[in-house]
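>>> compute the structure for the input listed below.
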Amino acid sequence: MAHRFKIFEYYAQYVHDWNTYVPEDPEEAAIHLEKRREATLLLSKGEDLSHLDEWHVPYALGRLSDGGNPVLRECDYDLLKLIEERESKHAVLSKML
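This next block holds a predicted model:
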């Protein structure tokens, strides 16, 4: 269960970062936010989003974002290994400081 939570946490952070991203350039940010609002409105009405770029469409956590139930997929094992490597490197760096 702890492994599945790490995978869920990773996907949740990815979705949050995707949905809260705003470009640094003010003009580009205004356009991005306008298109993001349009995409959200169209999604709520169930209308077509094909005319919008993918990066304007908000993400949602998928049904298996927790790593699957009850068996992890192969790609989830790879992701879990990557997450655990990052955590161990971070722990070593924290001890050095």
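>>> all contacts plus neighbour counts: C-alpha atoms, from now on.
Noted.
>>> tell me the mean pLDDT for stretch 51-70?
Taken as a whole, stretch 51-70 has a mean pLDDT of 64.
>>> what stretches of this structure score poorly on pLDDT?
1-3, 55, 59-74, 93, 96-97 (pLDDT under 70).
>>> same thing but 80
Residues of the chain meeting the criterion pLDDT under 80: 1-4, 19, 49, 51-78, 80, 90-97.
>>> can you map out the helices along it?
Listed in chain order, the helices of the chain (DSSP state H) span residues 2-20, 26-45, 74-96.
>>> ramachandran coordinates for the nearest residue to Ala39 once chain neighbours are set aside?
Leaving aside its sequence neighbours, Ala39 sits nearest to Val57 (Cα to Cα, 6 or more residues apart in numbering; 5.6 Å). Note on Val57: its backbone torsions stand at phi -90, psi 130 [degrees, to the nearest 10].
>>> isn't Val57 right up against Leu41?
No: the pair Val57 / Leu41 is not scored as a contact, 10.4 Å apart, by Cα atoms under 8 Å.
>>> before we move on, back to that, for His51, which of the helices of the chain is the nearest?
Distances from His51 to each of the helices of the chain were compared by Cα to Cα, and the smallest falls on helix 26-45, at 9.8 Å.
>>> would you mark the buried spots in the closest one?
32-33, 35-36, 38-40 (16 or more other Cα atoms under 10 Å).
>>> kindly report the same for stretch 76-83.
Buried positions in stretch 76-83, judged by neighbour count with 16+ other Cα under 10 Å: 76, 79-80.
>>> dump the residues you listed to CSV, plus distance to Lys6.
Output for the buried residues of stretch 76-83, formatted as CSV (distance: Cα to Cα, whole Å):
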residue, distance to Lys6
Asp76, 10
Leu79, 9
Leu80, 7
